[in-house]
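*Asks:* after the sequence you'll find the predicted model.
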Amino acid sequence: MTASSDQPHPKTFTAAPALSGSITVPGDKSISHRSLMLSALAVGESRVEGLLEGEDVFATAAAMRAMGAEIRRDEGGIWHIHGVGVGGLLQPQSALDMGNSGTSTRLLMGLVASHAITATFVGDASLSKRPMARVTEPLSRMGASFTTSPGDRLPLTMRGVCPAVPLDYRLPVASAQVKSAILLAGLNAPGITRIVEPIPTRDHSERMLKGFGADLDIEVEADGTRIITLRGEAELRPQSITVPGDPSSAAFPMVAALLVPASKVTITNVGLNATRAGLVDLLREMGGDIAIENPREVGGEPVGDLVITASALKGIEPDPANAPSMIDEYPVAFIAAAFAAGRSVFRGLEELRVKESDRIATMATGLRAIGVTVEELEDGIVIEGSGGALLTGGGPIATKLDHRIAMSFAIAGLVSKNGVTIDDMRPVATSFPGFTALLASLGAMA
């Protein structure tokens, strides 16, 4: 959220005719964050193409500049990063403003933890409600110290330490952010940092660390547990990175194309990392017609083009074990379930309680407001689908400054009788600038 846009921006999305066309979505947010951070720790110039130019990623770029990296964007849209080297981060002269970005905050705390600098992290109202203990606890074991606001929340000040203590840590929750924070801290810690990951989460950090030259190994046990070892005091080499389209952003036009009758949409250059592609599998299980064309690998990440054809969906009860592979896509999956035939039961989603909003509660309240019968569970939600009948619509939907809530209910508006009004579309700029224009390009009456 920018300081100049301090007034809510409500918008109503109404029933759409058939959607058609070929589109690209913004660059992957997770990869964009990591490409800036690791480029800033390499000695020399890295080049990044396709970077997500949204507010969350800009917060990461500003923080890395504040700690010594040179970062600029050329006229062709290529980002050039001159790094300071592992161990070379400088003392920031003012607080690091993370805006709405939990990823920026938690991963940057990992970077700072193994440097002898002090940094204060601040954020907007939404981010300041999110707990940070899951990161501060393991980083404290490595020697960093923290002064936090009540509830282990922002604003917080942390003091890194060099040399940091390498950590042997078993993840108590499935969290790519916690895993990545520890790995980033381990880059500048002597010896071996070891992480045991019982439930696999997105592996962009591991892939990119290897690409930059870090000494990292992964062992997979018979039960699927991943053991990640990283040798510290690394020397990272600059890279040229092409960021694929974000599957979390592709989720919204994907679901729209499935729900709006007679639609057919192609989304090109979408990242299809197996640790992120759970929504495609779930929507196919619901009866969605989604084809993957031109599969390829770009910069160590699997990529493809998705061709989505409108389909009659049915209710589903997905395996909770698959939740980490699509944790950010559940809000829009709930919209798909609201339009499907029959009941859908989603469980194992405790992580949604601590996102930009409590996404279970916020989605349940919003779904009821547009005429959907739902039951909120402690770890999920039960949704009675409309069987393809248009949703009632209504609003304004209270999005709680959560970009994915806003975009999910925008998609609901495209299959509603009376339209759906979103109370504030400003948060969408954090991850999907141009979202409304993209829907309009497909023919949506947005």
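*Replies:* That came through, no problem.

*Asks:* where does pLDDT dip in the protein?
*Replies:* Low-confidence segments of the chain, defined by pLDDT under 70: 1-5, 445-446.

*Asks:* could you pull out the helices for the stretch 201-350 of the chain?
*Replies:* With helices called from DSSP state H, counting those that start in this stretch, the stretch 201-350 of the chain shows them at 204-211, 247-259, 278-285, 330-339.

*Asks:* export the ones you listed to CSV and append columns for distance to P92.
*Replies:* (Glycine included, C-beta is placed from N, CA and C.) Compiled in CSV, the helices of the stretch 201-350 of the chain are given as follows (distance: least, C-beta to C-beta, whole Å):
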stretch, distance to P92
helix 204-211, 23
helix 247-259, 29
helix 278-285, 37
helix 330-339, 34
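
*Asks:* relative to G102, which of those is closest?
*Replies:* Nearest to G102, of all these, is helix 247-259, at 13.5 Å by C-beta to C-beta.

*Asks:* can you lay out the helices of the stretch 201-350 of the chain as CSV showing mean neighbour count?
*Replies:* Shown next, in CSV, are the helices of the stretch 201-350 of the chain (neighbours: other C-beta atoms under 10 Å):
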stretch, mean neighbour count
helix 204-211, 22
helix 247-259, 27
helix 278-285, 20
helix 330-339, 27
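
*Asks:* of all these, which lies closest to T157?
*Replies:* helix 204-211 (24.9 Å).

*Asks:* contact partners for the residue lying closest to L38 once chain neighbours are set aside?
*Replies:* Of all residues not flanking L38 in the chain, F212 sits nearest, at 5.0 Å (C-beta to C-beta, 6 or more residues apart in numbering). By C-beta atoms under 8 Å, 6 or more residues apart in numbering, the contact set of F212 is 38, 41-42, 236-239.

*Asks:* now do 10 Å
*Replies:* Under the criterion of C-beta atoms under 10 Å, 6 or more residues apart in numbering, the neighbours of F212 are 34-35, 38-39, 41-42, 46, 83, 86, 187, 234-239, 241.

*Asks:* cool, and I71?
*Replies:* So I71 contacts 36, 39-40, 46, 48, 60-62, 64-65, 79-83 (C-beta under 10 Å, 6+ apart).

*Asks:* try it again with 7 Å
*Replies:* For I71, the contacting residues are 61, 64-65, 79, 81, by C-beta atoms under 7 Å, 6 or more residues apart in numbering.

*Asks:* which secondary structure element contains it?
*Replies:* In this structure, I71 sits in strand 70-73 according to DSSP states H and E.

*Asks:* whichever helix or strand comes after that strand packs against which elements?
*Replies:* Later in the chain than strand 70-73, the nearest helix or strand by DSSP H and E is strand 79-84. For strand 79-84, the elements it packs on are helix 29-41, strand 43-49, strand 70-73, judged by 3 or more C-beta pairs under 7 Å, 6 or more residues apart in numbering; DSSP states H and E.

*Asks:* quick one on the thing from earlier: nearest to K264, of the contacts of I71?
*Replies:* Checking the contacts of I71 against K264 by C-beta to C-beta gives W79 as the nearest, at 33.8 Å.

*Asks:* partner residues bridging that closest one?
*Replies:* Beta bridges link W79 to V48, R73 when assigned by DSSP bridges.

*Asks:* count the residues that sit near it.
*Replies:* By the criterion of other C-beta atoms under 10 Å, W79 has 23 neighbours.

*Asks:* now K210: closest residue in space that isn't a chain neighbour?
*Replies:* According to C-beta to C-beta, 6+ apart, the nearest residue to K210 is L216 (5.5 Å).

*Asks:* residue contacts, that neighbour?
*Replies:* By C-beta under 7 Å, 6+ apart, the contact list for L216 reads 206, 209-210, 228, 230.

*Asks:* same thing with T373?
*Replies:* Neighbours of T373 in contact, by C-beta under 7 Å, 6+ apart: E384.

*Asks:* over to A63?
*Replies:* Taking C-beta under 7 Å, 6+ apart, we find A63 in contact with 96, 104, 108.

*Asks:* same check on R404?
*Replies:* R404 makes contact with 328, 331, according to C-beta under 7 Å, 6+ apart.

*Asks:* ok, 6 Å please
*Replies:* By C-beta atoms under 6 Å, 6 or more residues apart in numbering, the contact set of R404 is P331.

*Asks:* same check, this time on P253
*Replies:* Neighbouring residues of P253 by C-beta under 6 Å, 6+ apart: V265.

*Asks:* could you double-check that L272 sits in contact with P302?
*Replies:* Yes - at 4.6 Å, L272 counts as touching P302 under the criterion of C-beta atoms under 6 Å.
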